[in-house]
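>>> Give the three-dimensional model of this entry:
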Amino acid sequence: MVFARLRERLGEYKRWALGQKRLRQKEAEFDTITKECSRSCGSEAAREVVEAVCRAYNGEVCPDYTDDQIYTAREKWAEILHTMHKHGKYSSGNDVQILEGGDTCFPVMLEAIDSAKDRVWMESYIFDGSSVAETFYDALVRAKGRGVDVILILDACGGSAFRKEWLEHLRSIGVPVVVFNPMVPFLTDTIGPPCFRDHRKILVADNTGFCGSMNIHQETCSPKMGGDGHFYDVHSRMRGPCVKDLADVFISSLKESGSDIVRSSIPDVPAVAEPGMYVQVLNSCVRRQDYGLQKSLQLLLRSADQSVIIASAYFTPPGFLRRTLIDTITRRKVKTSLLVSGNSDFWPIPGDLMAQTHAVRQFVGLPGCDVSMYGAQHMHAKYSSFDGVYSFLGSNNFDRYSTRRNLECSIGVMDRGFAEGIRSIHEDKKHKGFKPSLDDWYFSNSFVRLGCFIAYYCLKLSGQNIVDGLNIYNTQWRLRKELLVKALNKEAGITVATGMMWGLAFQLNREVHTKFLKKALKSLPTKYCCLDASRPWFVYWILRALELLGNLDRIEVADDMAGCDSSSYESGDGVDGVHLARLLCS
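Here you go, the predicted structure:
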């Protein structure tokens, strides 16, 4: 009996001792991630990440978690946030409020515009000519009358219903109205193919920002506000340092529009709460090869291990997101809830709903995947939540056009309270909707399935680069690669020598390289240059210079380069490359 009790006590002590050792290991691993974040992003960024994950996972908010599970979760999310830092600006000390529906959101937005003293910057995909939109037009006019800096960015397609007299009056009183990418090539100041659209919904009024899915039109609010309530939208009001990051996205839209209107970043916005919410502002632009928003979504789908919540209009996800989502559901067994629209906003042929039906069919009936359709209104909200701690809210749909063609903007919030708010509205709409089944007529009828199949692949084809030519990066890279291979095959030995010469004899400086390269460009029919057009192997030398220094402004020859100085390069005079290569070998 005594020995049995002694063995039991020793076992408890052993478990306690090993548990303490495991906790110390977890603490060391977490400290390693914190140090890595501090090295790459700075100590302030590391502090914000640590505070965010510690608020999301601790004994008070996670009473069912063991200490080991808490440290594991902190370690995972610290690494996720650290990885996402490169995709968008982030800050802590913020307050973000969910605004559900136009009846709730529009009065708050109008109040922010009317109380603004410094700036009102508004960007909207749709701005129609309804009485609802007129209240915003009047608010912008009043703000300009108070001396506020007012700028309005409208998409040429979505804002086509904007009244002409409003446009003329705003411009006459000094309000810049930027029409993004007019639809008529050669007759207007287009900046790209007609399918390149500004889908962002942003308002910056002094130190308050708004971002979400809400356009300025009558379909967003109920009849008591002058609308028809056809759309269901979710928006957010932002206060704190994240407003500056949102304003920077607005400024990037100005630059992308080709407008001559220039604005610098707004002053830093002080924190409104301590510690407040951790917020990252993410955006996407295909012409800048910026897919930070979509890459962050993919990373979160791969990292979630408890739950995923997604609501989106026009649910036709691009291939990489669709495959990641299916893998999350089927292989990793993560509980997933999808909420999509049960009606269309296209007339008379509901092409969007038909394409969505084909895309949704592969998710209906999957174990662990709960698909719901909301039919009382057009489900236009775009949000997602992961593991009940991190949430997305913005303008980005889970569709091909948002990824391939549109300017998009969403916010990522690391906060359990915000994620709970997203979950609450999601559950409410899910219960008010209906659950599709594979036995339903639109899934089982062969003719309907054929129509949905055609609609989906027509949409998929229309979103290809061959149609719009928006993404020319891959073509440019293939051309550069072929030129490099050709140059290497032709004069490999001399190429190696001149490459070594380049590494030893030149210094880099950011002030005068453009003059030298622009003159040299004229000597070749291609957009690549060489110092002496009579020596083809020199092409590789300059190609390497452009590859390494394409974003710099100066190349300067080192003083130890015998017989050459920087003036001969700047003037575009030829240089005896064979002599220089021989000089290197000696």
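>>> which residue ranges form the strands in the stretch 51-200 of the chain?
All strands of the stretch 51-200 of the chain, identified by DSSP state E, counting those that start in this stretch, fall at 88-100, 119-124, 149-155, 177-180, 197-198.
>>> Apologies, that question was intended for the stretch 251-400 of the chain.
Under DSSP E, counting those that start in this stretch, the stretch 251-400 of the chain gives strands at 277-284, 307-312, 335-341, 369-374, 378-379, 383-386, 390-394.
>>> Let me have those strands in TSV, extended by mean pLDDT and mean neighbour count.
Backbone N, C-alpha and C define where each C-beta goes, glycine included. Below are the strands of the stretch 251-400 of the chain laid out as TSV (pLDDT from 0 to 100; neighbours: other Cβ atoms under 10 Å):
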stretch	mean pLDDT	mean neighbour count
strand 277-284	94	27
strand 307-312	96	23
strand 335-341	95	22
strand 369-374	94	20
strand 378-379	92	24
strand 383-386	97	26
strand 390-394	96	26
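>>> These into TSV, with extra columns for distance to Arg239?
Below are the strands of the stretch 251-400 of the chain laid out as TSV (distance: least, Cβ to Cβ, whole Å):
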stretch	distance to Arg239
strand 277-284	10
strand 307-312	24
strand 335-341	28
strand 369-374	30
strand 378-379	28
strand 383-386	19
strand 390-394	15
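>>> out of the ones you listed, which comes closest to Leu353?
Of all those, strand 335-341 sits nearest to Leu353, with 7.2 Å by Cβ to Cβ.
>>> Next one: Cys242 from Leu450, what distance?
47 Å (Cβ to Cβ, to the nearest Å).
>>> so what are the domain limits for this structure?
Domain segmentation of the chain under automatic domain parsing yields 95-458, 473-585.
>>> Of the ones you listed, which stretch is the most buried?
domain 95-458 (a mean of 19; mean count of other Cβ atoms under 10 Å).
>>> Next one: Ser213 from Asn397, what distance?
Computed with Cβ to Cβ, the distance linking Ser213 and Asn397 is 9 Å.
>>> shared neighbours, those two?
Common contacts of Ser213 and Asn397 (Cβ atoms under 8 Å, 6 or more residues apart in numbering): Ala313, Lys382.
>>> Read off the pLDDT value for Ile454.
Per-residue pLDDT puts Ile454 at 94.
>>> Now for it: which residues touch it?
Contact analysis of Ile454 by Cβ under 8 Å, 6+ apart lists nothing.
>>> State the distance from it to Lys295.
Using Cβ to Cβ, which is the criterion applied here, Ile454 is 31 Å from Lys295.
>>> what residue ranges in the protein score low on pLDDT?
Residues of the chain that meet the criterion pLDDT under 70 lie in 1-44, 185-188, 465-586.
>>> Please enumerate residues in contact with stretch 367-379?
By Cβ under 8 Å, 6+ apart, stretch 367-379 touches 219, 229-232, 311-313, 329-330, 333-345, 360, 363-364, 429-430, 432-436.
>>> CA atoms only for that stretch, dumped as PDB, please.
Coordinates of the C-alpha atoms in stretch 367-379 are reproduced here as PDB (Å, rounded to 0.1, in the frame of the first residue of the first chain):
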ATOM      1  CA  PRO A 367     -18.300  16.400 -44.200                       C
ATOM      2  CA  GLY A 368     -17.500  19.400 -41.900                       C
ATOM      3  CA  CYS A 369     -18.700  22.000 -44.400                       C
ATOM      4  CA  ASP A 370     -22.000  23.800 -43.600                       C
ATOM      5  CA  VAL A 371     -23.300  25.700 -46.700                       C
ATOM      6  CA  SER A 372     -26.100  28.200 -46.400                       C
ATOM      7  CA  MET A 373     -27.800  30.500 -48.800                       C
ATOM      8  CA  TYR A 374     -29.400  33.800 -47.700                       C
ATOM      9  CA  GLY A 375     -32.300  34.600 -50.000                       C
ATOM     10  CA  ALA A 376     -34.200  37.400 -48.200                       C
ATOM     11  CA  GLN A 377     -31.700  39.900 -49.700                       C
ATOM     12  CA  HIS A 378     -28.800  39.800 -52.000                       C
ATOM     13  CA  MET A 379     -25.900  38.700 -49.800                       C
END
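>>> now the strands of the stretch 51-200 of the chain as CSV including distance to Trp166?
As requested, the strands of the stretch 51-200 of the chain are exported to CSV (distance: least, Cβ to Cβ, whole Å):
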stretch, distance to Trp166
strand 88-100, 25
strand 119-124, 13
strand 149-155, 10
strand 177-180, 9
strand 197-198, 18
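>>> quick one: which of the ones you listed is nearest Ser259?
So among those, strand 177-180 is nearest, using Cβ to Cβ, at 4.8 Å.
>>> Now do the closest one: which elements does it pack against?
Helices and strands touching strand 177-180, by 3 or more Cβ pairs under 8 Å, 6 or more residues apart in numbering; DSSP states H and E, are strand 149-155, helix 164-172, helix 242-256.
>>> Just list what the second one packs against, helices and strands only.
Looking back up the chat, that one is helix 164-172. Applying 3+ Cβ pairs under 8 Å, 6+ apart, we find helix 164-172 packed against helix 131-145, strand 177-180.
>>> ok so Ser424 is a helix residue?
Yes: per DSSP: H, G, I helix; E, B strand; the rest coil, Ser424 lies within a helix segment.
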